[in-house]
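1. For reference, the sequence and a predicted model appear below.
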Amino acid sequence: APSTSPVYSKTPLLSFLERLQETALATLGPKDFDAKFYIDMSLRFPLPVVENVFDCLPRSADGTVSPSDLEGFIAKYLGAPEEDLVVVEPPDYVPEPEGFLPKVKHPAVRAWALQVHALWRNLSRAVSGSVRDQPDLHTLLPLPERFIIPGSRFREVYYWDSYWVIRGLLASKMYETAKGIVINLIYLMEKYGHILNGARSYYTNRSQPPLLSAMVRAIYSCTHDIGLVQKTFPALLKEHEFWNSGIHQVVVHDAQAESHYLSRYYAMWDKPRPESSTIDKKLASNITDGYEKQQFYREVASTAESGWDFSSRWMRKPGDIMTLATTSILPVDLNTYILGMELDISFLAKASGNHGIADQFLEASKAREKAIRAIFWNEKEGQWFDYWLDNCSSGKEGQNFESGKQNQAVFCSNFIPLWIEPFNSDEKLVETVVGSLRSSGLVLDAGITTSLTNSGQQWDFPNGWPPVHHMIVEGLVLSGSDEARLLAEQIAVSWIRTNYAVYKKMGVMHEKYDVKCGDYGGGGEYVPQTGFGWTNGVVLAFLEEFGWPHDRDIGG
Ligand SMILES: OC[C@H]1O[C@H](O[C@H]2O[C@H](CO)[C@@H](O)[C@H](O)[C@H]2O)[C@H](O)[C@@H](O)[C@@H]1O
């Protein structure tokens, strides 16, 4: 049966660059090969001209081109990925902003924090004039404002990364740069109807964890810029609709026959991800049935939408990537973000004097809070579990809740609801969750591990990720409980020490860390990346919250 779920169409440019990617792998071999590099190239001439020359390159019987012919072709007809971007000096950057991290007293930590702050200059970009004038020649999308990239192979804006970039920029007092990022995300929302995974044409088929409202609220609480709130409002409403309609919405009826409306990840794509096309095709090469193949590709893209690509969390058989089933899972964290979105919209509407919308979204948040308690919360285990759906593509008809369908494996996402007010203000619940987090096995000497399963995927043991550390630590702090704050500080201190030790050893900030060894993280489909937007943001946010006294050892 053909897939009936929505699918975006692929542009001719992407199809061509995918062919180039395949040829490059066949010709140059797997050593140092990064599939994304080729899809990030731009054309120096119109596509028909470039494609015609490419098709006429001499090929051997197995279809490969000689390395020198391929390199000659690339040099003449294609632009290197970074040529799409201009390195720009952020106008609101100063080497030591007034009021910067007042609680950081330790000289070595302060010096390092200033170096991390200075990294915003290395990661600041705008799109080149050519991307704006001839968008058809580029996969990079023509964003209107300057932006901060994560770093290394991630040369474009990423959606959920931007939240922690913004939190760091706020600690760095770079308010205008932070606002520019939000304006860019609004542009994507207006143009595509949802905020893309990243600002490339190959990311149009999916979103990422939705945190626009959290970004706006964070900026508003530092700047009181109500103009920005008003500008963002239509995008916030559209985003809420995107996650609460169509294929993203699922109904679950509880034992009292009450219906709960929850959301899931579901990419509008059933082909290999263009940025990893060679990898996806190889993975799917043993699937002979056409529909099953499409379904596998959809699960892969939906997992990328979750931001956790890849993890045993999404696999029916933990460790076996062929069993990805992300569209059959109601994720705790996604629904937590949407609850946060509803509360943020209500708060921001009130701040703009729009009491009708404020009330409407407060109501929506109450329904979702109830749904999260009913479907995800497990009193005995003291955490919130993802929920397995029956195998179906439409969530509209509804499914009956069965407690056995909670996925009781331990993931750090099981503690993300603590980030949001209705949960972190519930004293009894916080006490239970603090206890279960402490005994979960997730809190290690160098940080919080993503899961307890070593699958070789990057969103699993022993990797710890900056965004998760921040949400859990901030949730514990917001609870106001002394015990929770102690745990929060313990986690933040060990995470900062890990980041510092690796920086001292290698001179760079990493995308993720191995929290078993206190080293940089690995696994997954690309080599360890440095830069790094959200890592820097979380370090600065933690140092702002907890400071670093003179007499606290930093190690390294
Ligand atoms: O190229 C493979 C995948 O890379 C991205 O995912 C990872 O990096 C992102 C940027 O830091 C981050 O947002 C995500 O959580 C990481 O897993 C990209 O987002 C994926 O869509 C892409 O397939």
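-> That came in fine, so what should we check first?
2. since we're on whichever residue of the stretch 201-350 of the chain sits closest to the ligand, how many residues are nearby?
-> Here the stretch 201-350 of the chain gets closest to the ligand at one residue, Ala304, 3.4 Å apart by Cβ to the nearest ligand atom. Any C-beta I mention is one placed from the backbone N, CA and C, and that applies to glycine too. Using other Cβ atoms under 10 Å, Ala304 has 24 other residues around it.
3. Check which residues of whichever helix in the chain runs longest are buried.
-> Taking DSSP state H as the criterion, the chain has its longest helix at helix 482-506. Going by neighbour count (16 or more other Cβ atoms under 10 Å), the buried part of helix 482-506 is 484-485, 487-489, 491-503.
4. which other helices and strands contact that helix?
-> Applying 3 or more Cβ pairs under 8 Å, 6 or more residues apart in numbering; DSSP states H and E, we find helix 482-506 packed against helix 107-122, helix 427-438, strand 443-444, strand 447-448, helix 466-478, strand 513-514, strand 519-520, helix 533-546.
5. repeat that with 7 Å
-> helix 427-438, strand 447-448, helix 466-478, strand 513-514, helix 533-546 (3 or more Cβ pairs under 7 Å, 6 or more residues apart in numbering; DSSP states H and E).
6. Distance of the residue lying farthest from the centre of the chain relative to the ligand?
-> Computed with Cα atoms, centre = their mean, the residue of the chain farthest from its C-alpha average is Ala61, at 42.1 Å. Ala61 sits 32 Å away from the ligand, going by Cβ to the nearest ligand atom, to the nearest Å.
7. And that residue, how far from Phe347?
-> 65 Å (Cβ to Cβ, to the nearest Å).
8. Arg121 now?
-> Distance from Arg121 to Phe347, by Cβ to Cβ: 33 Å.
9. More neighbours: those two, which one.
-> Phe347 (20 against 13).
10. first vs last residue of stretch 421-440, how far apart are they?
-> This stretch, stretch 421-440, spans 23 Å end to end (Cα to Cα, to the nearest Å).
11. for that stretch, which positions count as buried?
-> For stretch 421-440, by 16+ other Cβ under 10 Å, it's Glu421, Pro422, Phe423, Asn424, Leu429, Val430, Thr432, Val433, Val434, Ser436, Leu437, Ser440.
12. same check, this time on stretch 400-410
-> Phe401, Lys405, Gln406, Asn407, Val410.
13. The last one and Val443 touch, don't they?
-> No: taking Cβ atoms under 7 Å as the contact criterion, Val410 and Val443 are not neighbours in contact, 11.1 Å apart.
14. that older thread, what residues does the residue of the stretch 201-350 of the chain closest to the ligand make contact with?
-> Counting by Cβ atoms under 7 Å, 6 or more residues apart in numbering, Ala304 makes contact with Asn197, Arg206, Arg273.
15. State the number of residues packed around the second one.
-> The local packing of Arg206 (other Cβ under 10 Å) involves 25 other residues.
16. and if you look at the one 4 residues further on?
-> With neighbours defined by other Cβ under 10 Å, the count for Pro210 comes to 23.
17. which SS class is it?
-> coil (DSSP: H, G, I helix; E, B strand; the rest coil).
18. ok, back up a step: any idea how far the longest helix of the chain is from the middle of the chain?
-> 22 Å (Cα atoms, centre = their mean, to the nearest Å).
19. ok, now stretch 509-528?
-> The answer for stretch 509-528 is 16 Å, by Cα atoms, centre = their mean.
20. which residues sit against that stretch?
-> Contacts of stretch 509-528 (Cβ under 7 Å, 6+ apart): 34, 116, 119, 150, 153, 276, 279, 310, 444-449, 456-458, 462-465, 498-499, 501-503, 529-532, 535-536.
21. Quick one, which of those are buried?
-> 34, 116, 119, 150, 153, 276, 279, 310, 444, 446-449, 457-458, 462-465, 498-499, 501-503, 529-532, 535-536.
22. what does the stretch 201-350 of the chain have sitting close to the ligand?
-> Arg273, Glu275, Ser276, Ala304, Gly307, Asp309 (Cβ under 6 Å from any ligand atom).
23. With adjacent residues omitted, what lies nearest to the last one?
-> Nearest residue to Asp309, sequence neighbours excluded (Cβ to Cβ, 6 or more residues apart in numbering): Thr303, at 4.9 Å.
24. can I assume that neighbour is in contact with Leu324?
-> Yes: using Cβ under 7 Å, Thr303 is in contact with Leu324, at 5.7 Å.
25. what residues are shared contacts of those two?
-> Trp314.
26. Which residue, neighbours along the chain excluded, lies closest to Thr323?
-> Arg316 (4.0 Å).
27. Can you get me a residue count around that neighbour?
-> Neighbours around Arg316, by other Cβ under 10 Å: 12.
28. do the same with Tyr159
-> 25.
29. roughly how far apart are it and Thr530?
-> For Tyr159, the distance to Thr530 - Cβ to Cβ - is 21 Å.
30. Equivalent analysis for Ile329, please.
-> From Ile329 to Thr530 the distance is 31 Å (Cβ to Cβ).
31. how about the residues of this protein that lie near the ligand?
-> 36, 150, 154, 158, 160-161, 197-198, 273, 275-276, 304, 307, 309.
32. Just these: which are in helices?
-> Per DSSP H, these map to helices at Lys36, Asp161, Ala304.
33. between the residues you listed, which is closest to Tyr291?
-> Ala304 (20.7 Å; Cβ to Cβ).
34. how much space between that closest one and Gly524?
-> In terms of Cβ to Cβ, Ala304 sits 12 Å off from Gly524.
35. same deal with Glu369?
-> Counting by Cβ to Cβ - Glu369 and Gly524 are separated by 34 Å.
36. for Val94, helix, strand, or coil?
-> coil.
37. so how far is the ligand from it?
-> 27 Å.
38. What are the phi and psi values at that residue?
-> The phi/psi pair for Val94 (degrees, to the nearest 10) reads phi -130, psi 150.
39. For it, the count of nearby residues, please.
-> Count around Val94 with other Cβ under 10 Å applied: 13.
40. How about Asp55?
-> By other Cβ under 10 Å, neighbour count at Asp55 equals 10.
41. Contacts only, for the closest residue to Pro102 other than its chain neighbours.
-> Distances taken as Cβ to Cβ, 6+ apart place Gly547 nearest to Pro102, at 7.5 Å, with adjacent residues excluded. By Cβ under 7 Å, 6+ apart, Gly547 lies in contact with Lys103, Val104, Lys105.
42. which among those gets closest to Ser213?
-> The closest of the contacts of Gly547, once distances to Ser213 are taken by Cβ to Cβ, is Lys103, at 28.2 Å.
43. any chance of the contacts of Ala304 in a markdown table, with distance to Ser5 too?
-> Compiled in a markdown table, these are given as follows (distance: Cβ to Cβ, whole Å):
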| residue | distance to Ser5 |
| --- | --- |
| Asn197 | 18 |
| Arg206 | 12 |
| Arg273 | 16 |
